[in-house]
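In: pasting the structure only:
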């Protein structure tokens, strides 16, 4: 099948992927209102066209943290990509490099930071990558993840600030979502954190929950606050981007900390990011 529209990928994925995997990628929390509102918000943005302008040379390049990228579009962190394709995050890394933009690697990946850092179409291609960080209750795990990303050559930390607990993802509950047994969360392999299975395998689920929600509930720190951003600043010199800021009040909270290496970027029933930025 010849694909001529990005939306066609979704239809093909639904046809080819196991239902549990497709639903994980395609669904949101609860009534999926925020998921739909994000789509609607983009649909409501219209071009304000200009005419009689020379368009033989079009330049979409921009910069982020001083890095020049080919367009104002980056690859957002998406977990467990090998559920969809054997190459998973490695293929995404190569594609983003070839496109000249930045890939943000999820903490919950089925390829390690080292594997992603070493893949690419060649050194002449763009290979700047950021690392998305979930803050675990065990701070030693967090420190080791950050150090590992630094050693692998990642250029910034993208801190998830809007998910101290997962939303109620009803599709995952119905499907009893677990990570397929041939896969593992590779960024946690080799860390000094005691019981390795508790961090690299998503397998247990109670009757009214999914394996992912059970995993996150047991590992992710729900006390995460602005003071933890300050703590992160003490363990890395990489820039820290805070993901999930949707209000002016939270933006002003950055004024209470040293923001020399901290920036912020624009569950269900919350406003869309694009409307906040507008």
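Out: Right, received. Where do you want to start? Keep in mind the model is a prediction, meaning the values are calculated, not measured.
In: Could you double-check that residue 67 lies in contact with residue 155?
Out: Yes - Residue 67 is in contact with residue 155 according to Cβ atoms under 8 Å; the separation is 6.9 Å. All C-beta atoms are positioned from the backbone trio N, CA, C, and that covers glycine.
In: who's more crowded, those two?
Out: A direct count of neighbours by other Cβ atoms under 10 Å for residue 67 and residue 155 places residue 155 higher, at 18 against 14.
In: surely the more buried one meets residue 117?
Out: No - with contact defined as Cβ under 8 Å, residue 155 does not reach residue 117; the gap is 10.7 Å.
In: who touches both of these two?
Out: residue 129 (Cβ atoms under 8 Å, 6 or more residues apart in numbering).
In: coming back round to it: pull up the overlap in contacts between residue 67 and residue 155.
Out: Counting by Cβ under 8 Å, 6+ apart, the common neighbours of residue 67 and residue 155 are residue 128.
In: where in the stretch 101-250 of the chain is pLDDT low?
Out: 120-125, 193-198, 203-207 (pLDDT under 70).
In: which residues in it form strands?
Out: 103-105, 129-133, 157-160, 240-243 (DSSP state E, counting those that start in this stretch).
In: So which residues make contact with the second one?
Out: So that's strand 129-133. By Cβ under 8 Å, 6+ apart, strand 129-133 touches 77, 93, 96, 102-107, 113, 116-117, 142, 145-146, 149, 153-160, 232, 241, 243.
In: Apply 7 Å and report the result again.
Out: 77, 102-107, 113, 116-117, 145-146, 149, 154-160 (Cβ atoms under 7 Å, 6 or more residues apart in numbering).
In: How about the first one?
Out: The contact list for strand 103-105 (Cβ under 7 Å, 6+ apart) reads 74-77, 89, 92-93, 96, 113, 116, 129-132, 158.
In: could you measure residue 7 against residue 71, distance?
Out: Distance, residue 7 to residue 71, using Cβ to Cβ, to the nearest Å: 19 Å.
In: neighbour count winner among these two?
Out: It is residue 71, of residue 7 and residue 71, that has more neighbours when counted by other Cβ under 10 Å, with 12 against 8.
In: how about the nearest residue to that one, chain neighbours excluded?
Out: Nearest residue to residue 71 in three dimensions, chain neighbours excluded: residue 60, at 4.3 Å (Cβ to Cβ, 6 or more residues apart in numbering).
In: Contacts only, for that neighbour.
Out: By Cβ under 7 Å, 6+ apart, the contact list for residue 60 reads 70-72.
In: you'd agree it is in a strand?
Out: No - note on residue 60: no strand contains this position according to DSSP: H, G, I helix; E, B strand; the rest coil, which reports coil.
In: Quick check: phi and psi on it?
Out: phi -100, psi 10 (degrees, to the nearest 10).
In: how close does residue 220 get to residue 81?
Out: Distance from residue 220 to residue 81, counting by Cβ to Cβ: 20 Å.
In: between the two, who's got more neighbours?
Out: The neighbour comparison of residue 220 against residue 81 (other Cβ under 10 Å) goes to residue 81, with 22 against 18.
In: Identify the residues contacting the residue lying closest to that one once chain neighbours are set aside.
Out: Among residues not flanking residue 81 along the chain, residue 88 sits closest, at 3.8 Å (Cβ to Cβ, 6+ apart). Contact partners of residue 88, counting by Cβ under 7 Å, 6+ apart, are 81-82, 110-111.
In: Any chance of TSV for the residues you listed, columns distance to residue 202?
Out: TSV is the format used below for those (distance: Cβ to Cβ, whole Å):
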residue	distance to residue 202
81	14
82	13
110	11
111	16
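In: List only buried entries from the contacts of strand 103-105.
Out: Listed as buried from the contacts of strand 103-105 are 74-75, 77, 89, 92-93, 96, 113, 116, 129-132, 158; burial here means 16 or more other Cβ atoms under 10 Å.
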